[in-house]
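S.K.: no sequence on this one, just coordinates:
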């Protein structure tokens, strides 16, 4: 089979959709090499995916398509796919171009989440309208829809009326850097570089309202008889002020550490050194930070109500993200019970195996084959 991919995000986005796109393309190339994979992108100038074969990267061919790359991805790419004899086109980031069915090209779209529908107040109306049009149109026109979690599958059925039989739940794994165990010396050196000492609870994620860090701080403040610190790692937004105000109000200035510029190569050390990983985001499509924690052997505290229980499985405890008291209750169990932490760590390492690249690549190729 010759499969084409909307790979713009793989070459342009450092996180999120970029990580997913790189994971899929790399997993297929490594574990299912019998097929041909072509990655279509308007440009490749950020050095984010050097491992992908340059001969398999496809760019707009004409002057107009290079200048109007957004329109190329929306419609004109279909003719190029025909010329390249592509059998299946997989939109890795919630959209596919027009005209695929008429051109005789089978299609798949991956839908990551419908957060903008579940939490509309966090998005501008114009953005919601654009996302809704793209996602609905892609689901209607695609031959199959990949949902990255069962939660997303349920959302697609409930909110967009997508037929269950059309949806295939296929998970994803995290960046391989989180699967390599560092030495105790390496972990200690990197933690010291960021001012982290003693036992700590780690939270990694953009500091934004949906990630709910201020309630994690509130829950942390209610812990009793402990010497833990809370380390919040993430890109700052306007929500950072609310977090700071919560820290000041609860007089936790010496117990909570805010870090905004931790490099990806350093993150595994923080995950592996942490005693607990906490991620109580109100809503997610999957929850890659939880997978990163499980690979690190770190037990998880996550939120109920979306997909995080799928991601963490038996590797964590779960709390109501709107109730600081419940967050604190579950966190208290983790910071005071070493045996519980160890048992969750072992269970998490087993659970996370289902997200391995080899397993996911096999599922994708099986889906591609069913369409051909």
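M.R.: Good, I have the coordinates. This structure is a prediction, so every number in the text was calculated from the model and none was measured. Residues are numbered from 1 along each chain as shown.
S.K.: Could you chop the protein up by domain?
M.R.: The record's domain split for the chain, according to automatic domain parsing, is 2-173+356-371, 176-353.
S.K.: Any idea how far the helix or strand containing residue 140 is from the middle of the chain?
M.R.: If you go by DSSP states H and E, residue 140 is part of helix 125-141. Distance of helix 125-141 from the chain centroid (CA atoms, centre = their mean, to the nearest Å) equals 20 Å.
S.K.: now swap in stretch 241-257 and tell me
M.R.: For stretch 241-257, the distance to the chain centre is 27 Å (CA atoms, centre = their mean).
S.K.: average pLDDT across that stretch?
M.R.: Averaging pLDDT along stretch 241-257 yields 96.
S.K.: So for that stretch, what gets flagged as buried?
M.R.: Residues 243-244, 246-247, 252, 255-257 are the ones in stretch 241-257 that count as buried (16 or more other CB atoms under 10 Å). Bear in mind the C-beta positions are built from the backbone N, C-alpha and C, glycine included.
S.K.: Out of the residues you listed, flag the one nearest to residue 236.
M.R.: Closest to residue 236 out of these is residue 243 (9.0 Å), distances taken as CB to CB.
S.K.: Run through who's touching whichever helix or strand that closest one is part of.
M.R.: Using DSSP H and E, residue 243 sits in helix 240-249. Helix 240-249 is contacted by residues 207, 209, 213-214, 217-218, 232, 253, 256, 258 when judged by CB atoms under 8 Å, 6 or more residues apart in numbering.
S.K.: Just to be sure, which of those residues are found in helices?
M.R.: Judged by DSSP state H, the contacts of helix 240-249 include 213-214, 217-218 as members of helices.
S.K.: Please, where are all the strands along the stretch 251-372 of the chain?
M.R.: Assigned by DSSP state E, counting those that start in this stretch, the strands in the stretch 251-372 of the chain fall at 256-259, 276-279, 300-303, 316-319.
S.K.: for the first one, packing partners?
M.R.: To tie it back to what came earlier, the one meant is strand 256-259. In terms of contacts (3 or more CB pairs under 8 Å, 6 or more residues apart in numbering; DSSP states H and E), strand 256-259 is packed against strand 229-233, helix 240-249.
S.K.: Check which helices and strands the shortest one sits against.
M.R.: Using 3+ CB pairs under 8 Å, 6+ apart as the contact definition, the elements that strand 229-233 packs against are strand 200-204, helix 213-221, strand 256-259, helix 267-273.
S.K.: relative orientation of it and helix 240-249 in degrees?
M.R.: 170 degrees (axes from the mean of the first three to the mean of the last three CA atoms, to 10 degrees).
S.K.: Just send the helices and strands packed on strand 256-259 back as a markdown table, with distance to residue 102 too.
M.R.: Formatted as a markdown table, the helices and strands packed on strand 256-259 follow (distance: least, CB to CB, whole Å):
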| stretch | distance to residue 102 |
| --- | --- |
| strand 229-233 | 47 |
| helix 240-249 | 48 |
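S.K.: From residue 107, how far off is residue 362?
M.R.: Between residue 362 and residue 107 the distance is 21 Å, computed by CB to CB, to the nearest Å.
S.K.: Those two - which one has more neighbours?
M.R.: residue 107 (22 against 16; other CB atoms under 10 Å).
S.K.: Which secondary structure state does that one sit in?
M.R.: strand (DSSP: H, G, I helix; E, B strand; the rest coil).
S.K.: Now flag whichever of the contacts of helix 240-249 is closest to residue 270.
M.R.: Using CB to CB, residue 232 is the member of the contacts of helix 240-249 that lies nearest residue 270, at 11.2 Å.
S.K.: Just to check, that closest one is in contact with residue 212?
M.R.: No. If you go by CB atoms under 8 Å, residue 232 and residue 212 don't touch, sitting 11.2 Å apart.
S.K.: between those two, who's got more neighbours?
M.R.: Taking neighbours as other CB under 10 Å, residue 232 and residue 212 compare with residue 232 leading, 25 against 22.
S.K.: Model confidence at that one, what's the number?
M.R.: 98.
S.K.: before we move on, what about the one 4 residues further on?
M.R.: At residue 236, the predicted lDDT confidence score is 96.
S.K.: That one and residue 6, how far apart?
M.R.: Distance from residue 236 to residue 6, by CB to CB: 30 Å.
S.K.: what about stretch 76-95, distance to the chain center?
M.R.: Mean C-alpha position of stretch 76-95 versus that of the full chain (CA atoms, centre = their mean) differs by 24 Å.
S.K.: Show me which residues of that stretch are buried.
M.R.: By 16+ other CB under 10 Å, the buried positions in stretch 76-95 come out as 76-81, 86-95.
S.K.: from those residues, which is closest to residue 342?
M.R.: The nearest member of these to residue 342, counting by CB to CB, is residue 92 at 37.3 Å.
S.K.: Helix, strand or coil: sort out the closest residue to the closest one other than its chain neighbours for me.
M.R.: Setting aside the residues directly before and after it, residue 92 is nearest to residue 21 in space (CB to CB, 6 or more residues apart in numbering), at 4.5 Å. When classified by three-state DSSP, residue 21 comes out as helix.
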